[in-house]
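Trainee: got a predicted model here, sequence first, then my questions.
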Amino acid sequence: MMKVIKTGLIYVFACIVSFLIVMFVNFADRYELSPKQVYKVYLDGKVVGNVKDKQKLEDYINEEQKEIKEKYGVDKVYVPTGVDIQKCVTYEKNVLTAKQINNIITKEKPFTVEGYKITIKSNTEGEDDIILNVLNKDIFDKAIKSVVNAFVPKEDVLNYENDTQPEIKETGDLIEDIYVDQNITIKHSYISTDEDIFTDEKTLTKYLMFGELKEDQYYTVQEGDTIDSIAYNNKLATEEFLIVNPEFTSANNLLSVGQQVKVGLINPIVDVVVETHSVVDQESQYNTVTEEDPTMMYGTEKVITEGQNGLNRLTMKIKKVNGEINNAVTLNSETLTPSIDKVVKVGTKVYSGGGTPAIMTGSWVWPTISKYYISSYFGYRWGKIHEALDIAGSGEGSPIFAAGSGTVVTSQNKGSLGNHVTIDHGNGYYTLYAHMSSRLVSVGQTVQKAQQIGTMGHTGFATGTHLHFGLYKNGLPYRNGIPMDPMILYR
Ligand SMILES: [Zn+2]
């Protein structure tokens, strides 16, 4: 029994001794007896390893990142953030080569190049800010200039900047202010090479204008096309077409069959605001006056005097955002040529033998007082149809009239239309009056042509005071009604 225990103890002792030997050998393998100076490399606080020479490591990394340097055209690639190199004295034996350190870091984290991070703050609540990377600030400045020039001709910008704008002779614009309506911050920073980095002005301009980077969309001009028709068929306003095709200066420019034109939807990331003092001439629509004539049959009419549009000269303050009128205020209105009323005689004599009278399309009145300015016509805007005329200029609180007689079918303050009224004119036509500051009629009420139904305002989703005046056929607005250009009522 005793012998067995003794043998066991010897065995245990032998084990401990051999263990200690192994430990020492290991220790001697990992540590040295005299300390030496190295650089300890950390990545996010974790040790990557030791290197002998910091400069050599940096040079190696720089050499290794040739591809990245060529791609961005830069001289230097930087180690990622979170890499910390500290000089220290150690007993550790193991020193890694620059190559080994580089490989470990590249596997974990992207490298960076020197550039700028640009933050474009969104003006819409709940919308994300746009952050983009550029190699140098110059690219961004130039791209912004190009975007501005898409909306304001270069020459006008220069004249504004140099204070050499020609005076307004009869009609024209004087730019009072040009600015980008976003808070933009530019920060020098080290940008990860796995992020998108803009290296040239052209690509960045395209991104700022179209909100994305996709292939240009082209249309080939066919026989009979006009700039207006191509724009409309591709859901562009004519002005938008001219912005994406700067080689054309007006909608009247000639197109040649087979010619390629751009039809991409613009969706600018920045808002270029231009405020002008403007003098414009605008046609004033003539009114139609009807006179009842008991000698003429019911349902017949006769034009006594042809109507003639007049001409008003308006002095205005106009604010345009990305080429589109955002606000227009008329300061002064002068009648150059008064309009001439169209006089129509309408028969009132009824068949004594019975029968159904024909439906009469009455004549229409303009829904606002004069001094008005059409800030947006019926048609496409930003790829969506604008189903109305926007009439501005006559001011907050000015009267809004029923364009024709009828029955009020909607009168409410709801949604993006704000305070709005819809009138059923009984002949298949419906008119809509939106963004009013007040409504003076209620559902079911009969209204006469030219009766005041509300006041101009900017309720609902409206930029600036204006009347959103819509015309629909055979159904209610935004339901089953067919949107029509309200201008047809006055032609
Ligand atoms: Zn509108």
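Mentor: Perfect, I can see it now.

Trainee: who's in contact with residue 152?
Mentor: By CB atoms under 8 Å, 6 or more residues apart in numbering, residue 152 lies in contact with 175, 178, 272, 274. All C-beta atoms are positioned from the backbone trio N, CA, C, and that covers glycine.

Trainee: doesn't residue 241 make contact with residue 266?
Mentor: No. The pair residue 266 / residue 241 is not scored as a contact, 9.7 Å apart, by CB atoms under 8 Å.

Trainee: just to revisit the earlier point, and the furthest pair within the contacts of residue 152?
Mentor: Farthest pair in those (CB to CB) is 175 and 272. Separation: 11.9 Å.

Trainee: what about these two, which has more around it?
Mentor: Neighbour comparison, residue 175 and residue 272: the larger count goes to residue 272, with 22 against 17 (by other CB atoms under 10 Å).

Trainee: near the ion, which residues of the stretch 51-200 of the chain show up?
Mentor: Within the stretch 51-200 of the chain, no position is near the ion by CB under 5 Å from the ion.

Trainee: is the residue in the stretch 51-200 of the chain that the ion sits nearest to in a helix, a strand, or coil?
Mentor: Relative to the ion, the nearest point of the stretch 51-200 of the chain is residue 124 (18.4 Å; CB to the ion). Here residue 124 is coil, with the state taken from DSSP: H, G, I helix; E, B strand; the rest coil.

Trainee: ok, residue 190 - contacts?
Mentor: Residue 190 touches 78, 81, 112, 113, 114, 115, counting by CB under 8 Å, 6+ apart.

Trainee: residue 121 contacts residue 131, correct?
Mentor: No. The pair formed by residue 121 and residue 131 falls short of the contact definition of CB under 8 Å, at 10.1 Å.

Trainee: let me know the pLDDT of the residue lying closest to residue 35 once chain neighbours are set aside.
Mentor: Once flanking residues are discounted, residue 35 sits nearest to residue 89: 4.8 Å by CB to CB, 6 or more residues apart in numbering. For residue 89, the model assigns a pLDDT of 86.

Trainee: now for the helix or strand harbouring residue 89, which elements pack on it?
Mentor: Secondary structure from DSSP states H and E places residue 89 in strand 83-92. Applying 3 or more CB pairs under 8 Å, 6 or more residues apart in numbering; DSSP states H and E, one finds that strand 83-92 makes contact with strand 31-43, strand 46-51, helix 54-64.

Trainee: next helix or strand past it?
Mentor: helix 98-108.

Trainee: following that next one in sequence, what is the next regular element?
Mentor: strand 112-120.

Trainee: other SSEs contacting that next one?
Mentor: helix 66-72, strand 130-134, helix 137-151, strand 184-192.

Trainee: list the buried residues of it.
Mentor: 112, 113, 114, 115, 116, 117, 118, 120 (16 or more other CB atoms under 10 Å).

Trainee: that one versus strand 130-134: what angle between them?
Mentor: Calculated by axes from the mean of the first three to the mean of the last three CA atoms, to 10 degrees, strand 112-120 forms an angle of 140 degrees with strand 130-134.

Trainee: other residues contacting strand 112-120?
Mentor: Residues outside strand 112-120 that contact it (CB under 8 Å, 6+ apart): 68-69, 72, 74, 76-81, 129-137, 140, 182-193, 197, 269-270.

Trainee: and whatever residue of the chain ends up closest to the ion, how many neighbours?
Mentor: Relative to the ion, the nearest point of the chain is residue 468 (3.5 Å; CB to the ion). Using other CB under 10 Å, residue 468 has 23 neighbouring residues.

Trainee: which residue ranges of the stretch 251-400 of the chain form strands?
Mentor: With strands called from DSSP state E, counting those that start in this stretch, the stretch 251-400 of the chain shows them at 260-262, 272-284, 288-297, 301-305, 310-321, 324-337, 342-349, 373-376, 379-381, 384-386, 389-392, 399-401.

Trainee: so how far is residue 273 from residue 176?
Mentor: Applying CB to CB, to the nearest Å, the value for residue 176 to residue 273 is 11 Å.
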